[in-house]
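**Student:** Next input, structure requested:
(2 chains)
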Amino acid sequence: MTAPAPAPTLELRQIQKRFGSVQALRGADFTLGTGEVHALLGENGAGKTTLMHVAYGLVRPDAGQVLLEGVPRAVGSPRTARRLGVGMVHQHFTSIPALSVAENVALAAGWPVTPAPLRRRVRALGERVGLPLDPDLLAGRLSVGLKQRLEIVKALAAEARILLLDEPTAVLAPGEVDELFRVIRGFTESGGSVVLITHKLDEALAVANRVTVLRQGTVVFTGPVAGQTTASLAQAMIGDAELKTAAVLTEVKLSPREASSVPGPALVRLEALEVPREGGFGIAVRHASLVVHGSEILGVAAVEGNGQRELLRAVAGRLLPIRGRLEVAGPVAFIPEDRTSEGLIPALTLTENVVLGSHPGDPWLRRGRIDWSLARHRTTLLLREFGVVAPGPHARASALSGGNQQKLVVGRELVRAPQVIVAENPTRGLDIRAAADIHTRLLAAAGTGAAVLVYSSDLDEVLRLAHRVVVVARGAVLPVAPGATRAQIGELMVAGAR
Amino acid sequence: MRARSSAAALALGLLALALSLHLAGYDALAALGALWEGAFGSWYALTSTTLVRAVPLIIIGLGIALAFRSGAFNIGAEGQFYAGAIAATWVGLHVAGRPAPVAIGAVWVAAALAGMAWVAVPVLLKFRFGVLEVISTLLLNFVAEALVSLMVQGPLQERQHIYPQSDPIAEAARLSVLPGSRLHAGFALALGAAVVVWYLFARTYWGFKLRAVGAGAQAAEISGRIDARRITAVALLGSGALAGLAGGVEVSGVSYALFQNLSPGYGFTAIAVALLARLHPLGVIATGILFGALEAGAGAMQRDAGVPAVAVYVVESVVILVVLLADAAQRRAPAAAKAAAIRLPA
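**Tutor:** Sure, this is the predicted structure:
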């Protein structure tokens, strides 16, 4: 007689969910064993986040069951989920900026807010799980990495046994990623279970025991990580029918670093530039000197909040330097970090979003009036040229997937053949295919003589794209010797960082 | 979709009115009948009460739409209306003997400038010190009302110094009326203004920039390199100018004099007018006439059914609430899956 296998700690059975005309989940199954780190992979819109939102009570499924420890449960709200031991760390932060770290933890865990004992308790918890935090700091003052740490501590304080992490590494520097993985392993060793939603295949391979791949709302693969490779997982995510595309993608990834041959003319020149901190007081960039040539992709590596944002925005003409020299050839294209709050306006149509990027002298501007039919026509062409999947130019930008929104922004900026291109995290949150498309566009622009500045919080992306890399740390621009390793660059980023 | 929820809002508002009348012991049917009669029952009722009341509502409503579309909340149209009325009266008393177009033009320009000046204070406070325009424009309403009171008992009081009101303005400054009615030329102005604002929003680059700032100020600044503060400031000034102009039109077309309570709350009702029209300038014409009818019918309702005229404010309040709720619900129930993915836990 064999003992019955223990019930999985979390099981989702045949989950279906439709949002309007989009079938987000088509009978998805998911099983999380106790003590397991389970990577949940899939392209954008595959339904990863939605599936976990079902487990966390944020999304009510149209059909299907949620079982915790083998017991069917109605998880109607995040509050219920937390009571049942499920915690989630979202892509965005859910702490209250004006409250201290300790108060935020107390709020999440329902602890009494007596200052001294609370402070001790929060400090002790942080140290126990390997995520130390100063309980007295205001949550709003924490760096991005520490904010995420607070989110995890909040979930643990609420005694979560199951942690759902939605792309937690997107905002972290390489060193911080390793730290996060240590914490995840520690948590599972003490009996907890983790679901790691991610785009990054190597992370899934590095930290997970099991992996589930979603494609268009359906589970296409689930099994142990052992024996999987980035190639096999990428194939599962994208699908057999499009293996050819995937092959093209791999080629694209390999080519750029060799591409640099003869540098073009200097199109961006900074001398002793000082740039103020965005939306606040103080200096973000000090004494920065830099030259970027045509046909060159300059990669900027930095830990969030070290002045790289201000540096790029000064070059893009979006932020006025305090002193120093800044010469930038025009026209300049700018691809801002956050497509839905900075790159485009979701409530406006695609045509209107293209018009939003108007430069003086654009053909649809006629002495203060807008020729909408011409703008619509140009938008239709742009959608076709840049492969934006959309119902038409009259659709609202909010109706597009993240990848298509980004393609629209990139298309709008690149269609006027800019001399200088500034891009911040151009592929954040995009699936492999959309990201590869954006990369191809940037490479092509450099190929035709543009100077490209790219910052990405994903160091691998910087290394993959750039001909030359600089690190921005504490507002200083530090050159990176050609041939420096990933580890050396990471060290420079962290050592110089605040 | 939007038109449908606007219609639903109106229906719910009327239903709420009927229900509250019934609960208060009135004959709801008779009251609503009187309301209809007073608003649309005759040619005279339509032209001389409904449309006359619609004029300030449409003009102010356009101003509200201008500000709201740019993302600024001008709650001070009532005060700007009074500022316009004061200026219009003062100018109107000094243009005797001028040709009518000059006199009327001077009155209207003065009124618009006064409304603009009245909102300039909140604009300055907003951009210099970060004071919310919702609060500053609202509070200035009380100041404007006090100023009217001061004027009609002081510098602008009629010659005999008995009544708290001004002398009638010069004949030259009075608007011509449609024969057999009290409908004045201001109605044409209101229609024209609606077309101008529509053209501004729909066809001009500046109007597009205004809408972009209202729909997403950050993206407008970063991607559109639009000076959002400047756009908002100009939109608020234009909004005040329209409200002031409405005050001038009221003085030159209806009252011919300044007195307290010249406005039965036009500046506030116009917010409902603009919201029910979903801030669409041509829609404002329809909703302005609708609320003009409600205001006109309210008088008849009081006279013929003994129901206090203020009861119609039930309709206004319910309409505002339903429209705001419908908009909020629309924002919360997006069509795409990704929108659900960014929803925060409550």
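
**Student:** What is the distance between the helix or strand residue A:122 falls within and the centre of its chain?
**Tutor:** For residue A:122, the host element (DSSP states H and E) is helix A:115-129. Chain-centre distance of helix A:115-129: 30 Å, with Cα atoms, centre = their mean, to the nearest Å.

**Student:** repeat for stretch A:127-146
**Tutor:** When distances are taken as Cα atoms, centre = their mean, stretch A:127-146 is centred 21 Å away from the chain's centroid.

**Student:** So for it, what gets flagged as buried?
**Tutor:** With burial defined by 16 or more other Cβ atoms under 10 Å in any protein chain shown, the residues of stretch A:127-146 counted as buried are A:129, A:131, A:133, A:135, A:139, A:142-146. C-beta here means a position set from N, CA and C on the backbone, and glycine is covered the same way.

**Student:** returning to what we had before: which strands or helices does the helix holding residue A:122 pack on?
**Tutor:** Judged by 3 or more Cβ pairs under 8 Å, 6 or more residues apart in numbering or on different chains; DSSP states H and E, the packing partners of helix A:115-129 are helix A:101-109, helix A:144-157, helix A:174-189.

**Student:** What count of nearby residues applies to residue A:392?
**Tutor:** For residue A:392, the neighbour count with other Cβ atoms under 10 Å in any protein chain shown is 12.

**Student:** Under a three-state scheme, what state does it occupy?
**Tutor:** The local conformation at residue A:392, judged by DSSP: H, G, I helix; E, B strand; the rest coil, is coil.

**Student:** Can you verify my assumption that it contacts residue A:380?
**Tutor:** Yes: the pair residue A:392 / residue A:380 is scored as a contact, 7.4 Å apart, by Cβ atoms under 8 Å.

**Student:** which stretches of the chain have low pLDDT?
**Tutor:** Going with chain A. A:1-5, A:20-21, A:44, A:171, A:238-263, A:279-281, A:494-498 (pLDDT under 70).

**Student:** I was after chain B.
**Tutor:** Counting by pLDDT under 70, chain B shows low-confidence ranges at B:1, B:331-346.

**Student:** Identify the spatial nearest neighbour of residue A:282, chain neighbours not counted.
**Tutor:** With sequence-adjacent residues excluded and distances taken as Cβ to Cβ, 6 or more residues apart in numbering or on different chains, residue A:282 is closest to residue A:276, at 7.0 Å.

**Student:** The one you found and chain B, how far apart?
**Tutor:** Look at residue A:276 and chain B: by Cβ to the nearest Cβ, to the nearest Å, they are 16 Å apart.

**Student:** Provide the partner residues of that residue in its beta bridges.
**Tutor:** Residue A:276 forms beta bridges with residue A:283, as assigned by DSSP bridges.

**Student:** residues in contact with it?
**Tutor:** By Cβ atoms under 8 Å, 6 or more residues apart in numbering or on different chains, the residues touching residue A:276 are A:282-284, A:310, A:319-322.

**Student:** residues contacting residue 302?
**Tutor:** With no chain named, the answer covers chain A. Contacts of residue A:302 by Cβ under 8 Å, 6+ apart are A:308, A:455, A:457, A:471-473, A:493, A:497.

**Student:** that's the other chain; I wanted chain B
**Tutor:** Shown in contact with residue B:302 (Cβ under 8 Å, 6+ apart): B:308-309.

**Student:** For it, I want the exact helix or strand it lies within.
**Tutor:** Assessed by DSSP H and E, residue B:302 sits inside helix B:281-305.

**Student:** do the same with residue B:235
**Tutor:** Residue B:235 belongs to helix B:228-250, assigned by DSSP H and E.

**Student:** what helices or strands is that helix leaning on?
**Tutor:** On a contact count with 3+ Cβ pairs under 8 Å, 6+ apart, helix B:228-250 meets helix B:52-69, helix B:77-92, helix B:100-129, helix B:186-203, helix B:205-215, helix B:217-222, helix B:266-276.

**Student:** for that helix, the distance to its chain's centre please.
**Tutor:** 11 Å.

**Student:** Also stretch A:67-84?
**Tutor:** Remark: stretch A:67-84 is offset 28 Å from the chain centroid, using Cα atoms, centre = their mean.

**Student:** Now that stretch: buried residues?
**Tutor:** A:67-68, A:73, A:75, A:78, A:81-82, A:84.

**Student:** show me what contacts the closest residue to chain B within the stretch 201-350 of chain A?
**Tutor:** Closest residue of the stretch 201-350 of chain A to chain B, Cβ to the nearest Cβ: residue A:345 (3.6 Å). Neighbouring residues of residue A:345 by Cβ under 8 Å, 6+ apart: A:352-353, A:356, A:397, B:212, B:215-216, B:219-220.

**Student:** Report the secondary structure state of it.
**Tutor:** Assigned by three-state DSSP, the conformation of residue A:345 is coil.

**Student:** Let me see the backbone angles for it.
**Tutor:** Residue A:345 adopts backbone torsions of phi -110, psi 110, taken as degrees, to the nearest 10.

**Student:** how far away is it from residue B:222?
**Tutor:** Using Cβ to Cβ, to the nearest Å, we find residue A:345 at a distance of 11 Å from residue B:222.

**Student:** Tell me who's in contact with the residue in the stretch 151-300 of chain B positioned nearest to chain A.
**Tutor:** Closest residue of the stretch 151-300 of chain B to chain A, Cβ to the nearest Cβ: residue B:216 (3.6 Å). By Cβ under 8 Å, 6+ apart, the contact set of residue B:216 is A:341, A:344-348.

**Student:** and what of residue A:412?
**Tutor:** Counted by Cβ under 8 Å, 6+ apart, residue A:412 has contacts A:353-354, A:356-357, A:382.

**Student:** at 10 Å what do you get?
**Tutor:** Residue A:412 is in contact with A:333, A:335, A:343-344, A:350, A:353-358, A:378-379, A:382, A:386, A:388, B:223, counting by Cβ atoms under 10 Å, 6 or more residues apart in numbering or on different chains.

**Student:** quick one on the thing from earlier: keep the buried residues of stretch A:67-84, but drop any that are not near chain B.
**Tutor:** On the criterion Cβ under 10 Å from any Cβ of the partner chain, A:78, A:81-82 are the entries of those that sit beside chain B.

**Student:** and the residue nearest to residue A:90 when sequence neighbours are not counted, how far is that from residue B:192?
**Tutor:** Nearest non-adjacent residue to residue A:90, counting by Cβ to Cβ, 6+ apart: residue A:166, 5.4 Å away. With distances taken as Cβ to Cβ, residue A:166 is found 54 Å from residue B:192.
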